[in-house]
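S.K.: predicted coordinates and the sequence they were generated for:
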Amino acid sequence: MSRELKAYLILLTIPVMWGIAFPLMHRIVADYAPSLFVFWRFILAALIMSPLFISTMIKRKFNWGDVRYGLILGALNSGSFILQAMSLKYMDSSRAAFLTGINVVMVPFLLPLFRMGRPRVIEIVAALFCLWGIYLISGAGLHGGFGRGELLVILSALCIAVGIIFAEKSSLLSHNLKLLTFYQILFTSLIPGFILAPHNIVLPDSHLFWWAIVYCAIIATVIPFFLQIKYQRVIGSNKAAIIFSLESVTATFFAYWMGETIKSSVLIGGVVILFSTVLTDGYKITMKRIKFIKT
């Protein structure tokens with residue numbers, strides 16, 4: 001198995017882990033503030049990884065570069081979570097989900113700003129197919145004006161896009177990928193904590209809340225964040241953004257499993273997104289075969 005195929009298959013597990021978390025979070029935020037859920041989710045994730053940080057301090061392998069990268073990634077993560085939650089006060093969730101998906105189109109055009117190459121035409125086409133699939137799944141209409149909610153969710157999408165690119169760039173510069181993951185998680189938890197203010201940080205008495213926190217902290221945060229940092233640099237930000245958009249497909253599947261209904265447009269949208277994930281590789285293989293036949 002090639003290194004790129006291995007990275008591709010491993011990264012495919014991330015939207016599955018996120019997708020399972022989505023129905024859980026949907027139930028939790030109906031009763032609790034999204035920032036409170038984000039705070040406890042990332043605090044627990046940071047505590048789980050804290051022995052790694054303590055071991056590093058003891059061995060005196062501390063590096064300020066990883067701290068800076070983690071701070072930036074944490075700020076981008078917090079921005080995406082909080083801005084998206086704020087946007088839902090002004091618009092419906094389907095429209096917000098569709099506009100958030102614009103990040104897959106943003107990534108190819110933002111890459112040159114980070115000196116990470118220019119997008120190929122096929123990558124832009126794949127991103128547009130992915131966005132179409134998200135549109136079908138969300139069921140969002142193109143009607144309606146541009147207000148505060150739309151601005152907030154587009155800023156959230158921008159945070160996601162920049163975060164995907166910076167995760168790749170920082171992983172190439174990092175001295176310790178596990179520590180970089182820890183710093184990213186730690187700073188993602190601290191920013192919502194500052195927004196909440198100490199008197200708004202409460203300990204919910206809901207068992208479902210804490211089961212969701214444990215799952216999201218371990219399975220939907222620590223593991224996928226580390227896998228992203230380690231393997232995204234192998235396949236690049238463009239492919240990673242499209243792969244991560246599969247969260248909408250897996251979330252829909254698990255929502256159906258938990259009793260929600262699914263429309264035919266959702267199934268079609270899922271197929272379109274799956275097609276977009278293999279489009280660039282399929283094009284590459286086809287072009288190689290054409291060249292081989294010609295020679």
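M.R.: That came in fine, so what should we check first? Values in this document were obtained by computation on a predicted structure and should not be read as measured data. Numbers count the residues shown, from 1 in each chain.

S.K.: quick one: mean pLDDT over the top helix by length along the chain.
M.R.: The helix spanning the most residues in the chain, taking DSSP state H as the definition, is helix 264-294. Averaging pLDDT along helix 264-294 gives 74.

S.K.: so which bits of that helix are buried?
M.R.: By neighbour count on 16 or more other C-beta atoms under 10 Å, the buried set for helix 264-294 is 266-267, 269-270, 272-273, 276-277, 279-281, 283. (Each C-beta comes from the backbone N, C-alpha and C, glycine too.)

S.K.: farthest-apart pair in the residues you listed, please.
M.R.: Val266 and Tyr283 (26.5 Å; C-beta to C-beta).

S.K.: right, and Tyr135 touches Val272 too?
M.R.: No: applying C-beta atoms under 8 Å as the test, Tyr135 and Val272 come out as separate, 9.0 Å apart.

S.K.: which residues touch Leu24?
M.R.: 208, 211-212, 215-216 (C-beta atoms under 8 Å, 6 or more residues apart in numbering).

S.K.: burial of the spatially closest residue to Leu73 that is not a sequence neighbour, as a residue count?
M.R.: Leaving out its chain neighbours, the residue that sits closest to Leu73 by C-beta to C-beta, 6 or more residues apart in numbering is Gln184, at 4.1 Å. A total of 31 residues lie near Gln184 under the criterion other C-beta atoms under 10 Å.

S.K.: quick check: the gap between Tyr183 and Asp66.
M.R.: Distance, Tyr183 to Asp66, using C-beta to C-beta, to the nearest Å: 6 Å.

S.K.: er, Ile72 actually
M.R.: Taken as C-beta to C-beta, the span from Ile72 to Asp66 is 11 Å.

S.K.: so, low pLDDT: which residues of the stretch 51-200 of the chain?
M.R.: By pLDDT under 70, the low-scoring segments of the stretch 51-200 of the chain are 60, 88-89, 91-99, 137-146, 195-200.

S.K.: related to what we said a few turns ago, looking at Ile72 and Asp66, which is more packed in?
M.R.: Taking other C-beta under 10 Å, Ile72 and Asp66 do not tie; Asp66 has more neighbours (24 against 19).

S.K.: got the buried residues for the helix or strand hosting the more buried one?
M.R.: In this structure, Asp66 sits in helix 64-87 according to DSSP states H and E. Residues 66-67, 69-87 are the ones in helix 64-87 that count as buried (16+ other C-beta under 10 Å).

S.K.: now stretch 160-175
M.R.: For stretch 160-175, using 16+ other C-beta under 10 Å, the buried residues are 160-171, 174.

S.K.: how about JSON lines for those, with secondary structure added?
M.R.: Listed next are the buried residues of stretch 160-175 as JSON lines, based on DSSP: H, G, I helix; E, B strand; the rest coil:
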{"residue": "Ile160", "secondary structure": "helix"}
{"residue": "Ala161", "secondary structure": "helix"}
{"residue": "Val162", "secondary structure": "helix"}
{"residue": "Gly163", "secondary structure": "helix"}
{"residue": "Ile164", "secondary structure": "helix"}
{"residue": "Ile165", "secondary structure": "helix"}
{"residue": "Phe166", "secondary structure": "helix"}
{"residue": "Ala167", "secondary structure": "helix"}
{"residue": "Glu168", "secondary structure": "helix"}
{"residue": "Lys169", "secondary structure": "helix"}
{"residue": "Ser170", "secondary structure": "helix"}
{"residue": "Ser171", "secondary structure": "helix"}
{"residue": "Ser174", "secondary structure": "coil"}
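
S.K.: nearest to Leu12 among these?
M.R.: Using C-beta to C-beta, the buried residues of stretch 160-175 come closest to Leu12 at Ile164, 15.5 Å.

S.K.: ok, that closest one touching Ser245?
M.R.: No: using C-beta under 8 Å, Ile164 is not in contact with Ser245, being 10.6 Å away.

S.K.: please enumerate the shared neighbours of the two.
M.R.: By C-beta under 8 Å, 6+ apart, no residue touches both Ile164 and Ser245.

S.K.: wait, what's in contact with Gln84?
M.R.: 96, 100, 152-153, 156.

S.K.: tell me which two in those are the farthest apart.
M.R.: The widest separation within those (C-beta to C-beta) is 10.4 Å, between Thr100 and Leu152.

S.K.: centre-most residue in the protein?
M.R.: The residue lying closest to the centre of the chain (C-alpha atoms, centre = their mean) is Phe244, at 5.9 Å.

S.K.: and the gap between the closest residue in space to it that isn't next to it in sequence and Thr277?
M.R.: Spatial nearest neighbour of Phe244, chain neighbours left out: Pro15 (5.9 Å); criterion: C-beta to C-beta, 6+ apart. Separation of Pro15 from Thr277 (C-beta to C-beta): 10 Å.
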